[in-house]
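K.L.:
no FASTA, just this:
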């Protein structure tokens, strides 16, 4: 177990290093932030002073080595636009994004897994075929279009929910949360639904496929032959055996939603990390973009590691040390 953890940590360091090089070079190649940060009427001396202050007068390899050295000491740079550490700026937006993602995955699991289980146990029926067809539609529709339709229907036509913002929050251990207030919950509803729809479809299809396959396995037939109640068979034999792929997808989707919730956050003006990223890209705020990508990559790596540990907890046959071979 210890050797496996050490190997994964070394792989994670290599991934972070490779991502930092790729992102740093990509961001460096796109535009000149000085053009946006300084007035067009500024003199050449003022322009050169700004370039030197931001460290942009150094060659790209020198800028990267400086960034890498500072990153090893916990400093991912200072935002060109906001004038504060990029990491602290992103972390300040993290609770909003995490709340949105966790609520979306929770909603997707509560709706998608039971429906998918029903579809898998009733494979071939008209209802199951209709649900599977609808799941394809839910997974295929673009997020920005779904968001605009939700705003049009629920905010403009029916005037049930607010169209943007986070609403009132309540601090819990210093972390502002929206779902604990009625106003915050109303603001949270549409972004969560928009983010959850494709994941509900994914959970339905994944659970249905697993249940449809598991119901024909010998251990299920043997349990039925022994007279075990159907509810117990579904709960103990079918659902438990299809949890591993479900946990895998939930783990991957958690990291994906954190990284790619930018569209939903932009459509609903949700003040999370994704909206900050889009704004920073428009403003060519290089430190924030690089810090965001590295932080999201780190979250991906940690989530995958936790998923591996969850494998072993759900199925004792899964041995983490076997992956060393």
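P.N.:
It's in. In this text, all values refer to a predicted model and were calculated from it rather than measured experimentally.

K.L.:
Please make it C-alpha for all contacts and neighbour counts, starting now.
P.N.:
OK.

K.L.:
worst-scoring helix or strand of this protein, pLDDT-wise?
P.N.:
helix 34-37 (a mean of 75; mean pLDDT, DSSP states H and E).

K.L.:
by contact count, what packs against that one?
P.N.:
Other elements packing on helix 34-37 under the criterion 3 or more Cα pairs under 8 Å, 6 or more residues apart in numbering; DSSP states H and E are helix 44-54.

K.L.:
buried set for the helix it packs on?
P.N.:
By neighbour count on 16 or more other Cα atoms under 10 Å, the buried set for helix 44-54 is 47, 50-51.

K.L.:
Tabulate these (CSV), appending distance to residue 200.
P.N.:
As requested, these are exported to CSV (distance: Cα to Cα, whole Å):
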residue, distance to residue 200
47, 51
50, 49
51, 48
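
K.L.:
now, among these, which is nearest to residue 243?
P.N.:
Comparing those against residue 243 with Cα to Cα picks out residue 51 as the nearest, at 53.7 Å.

K.L.:
TSV for the buried residues of helix 44-54, including distance to residue 191 and pLDDT?
P.N.:
Shown next, in TSV, are the buried residues of helix 44-54 (distance: Cα to Cα, whole Å; pLDDT from 0 to 100):
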residue	distance to residue 191	pLDDT
47	42	78
50	39	81
51	39	80
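
K.L.:
Closest one of those residues to residue 180?
P.N.:
For the buried residues of helix 44-54, the nearest to residue 180 is residue 50 (44.6 Å; Cα to Cα).

K.L.:
For this structure, give me the ranges with low pLDDT.
P.N.:
Confidence mapping of the chain against pLDDT under 70 gives the ranges 1-2, 4-5, 308-325.

K.L.:
Which residue is the nearest non-sequential neighbour of residue 119?
P.N.:
residue 128 (4.8 Å; Cα to Cα, 6 or more residues apart in numbering).

K.L.:
for the one you found, helix, strand, or coil?
P.N.:
With DSSP: H, G, I helix; E, B strand; the rest coil as the basis, residue 128 sits in helix.

K.L.:
dump the residue contacts of it.
P.N.:
By Cα atoms under 8 Å, 6 or more residues apart in numbering, residue 128 lies in contact with 118-120, 122.

K.L.:
Compare those residues and tell me which has the most neighbours.
P.N.:
Counting neighbours by other Cα atoms under 10 Å, residue 119 comes out on top of the contacts of residue 128 with 26 neighbours.

K.L.:
Going by residue numbers, what spans are helices in the stretch 151-300 of the chain?
P.N.:
Using DSSP state H, counting those that start in this stretch, the helices of the stretch 151-300 of the chain run over residues 182-214, 218-225, 230-232, 240-241, 243-260, 262-267, 273-282, 286-314.

K.L.:
got those as TSV, with mean neighbour count and distance to residue 157 columns?
P.N.:
As requested, the helices of the stretch 151-300 of the chain are exported to TSV (neighbours: other Cα atoms under 10 Å; distance: least, Cα to Cα, whole Å):
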stretch	mean neighbour count	distance to residue 157
helix 182-214	23	14
helix 218-225	13	50
helix 230-232	11	43
helix 240-241	15	43
helix 243-260	19	28
helix 262-267	22	17
helix 273-282	19	26
helix 286-314	19	37
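
K.L.:
now the ones you listed as CSV including distance to residue 74?
P.N.:
Converted to CSV, these look like this (distance: least, Cα to Cα, whole Å):
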stretch, distance to residue 74
helix 182-214, 32
helix 218-225, 52
helix 230-232, 51
helix 240-241, 41
helix 243-260, 21
helix 262-267, 25
helix 273-282, 19
helix 286-314, 11
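
K.L.:
For residue 39, find the nearest of these.
P.N.:
Checking the helices of the stretch 151-300 of the chain against residue 39 by Cα to Cα gives helix 273-282 as the closest, at 16.9 Å.
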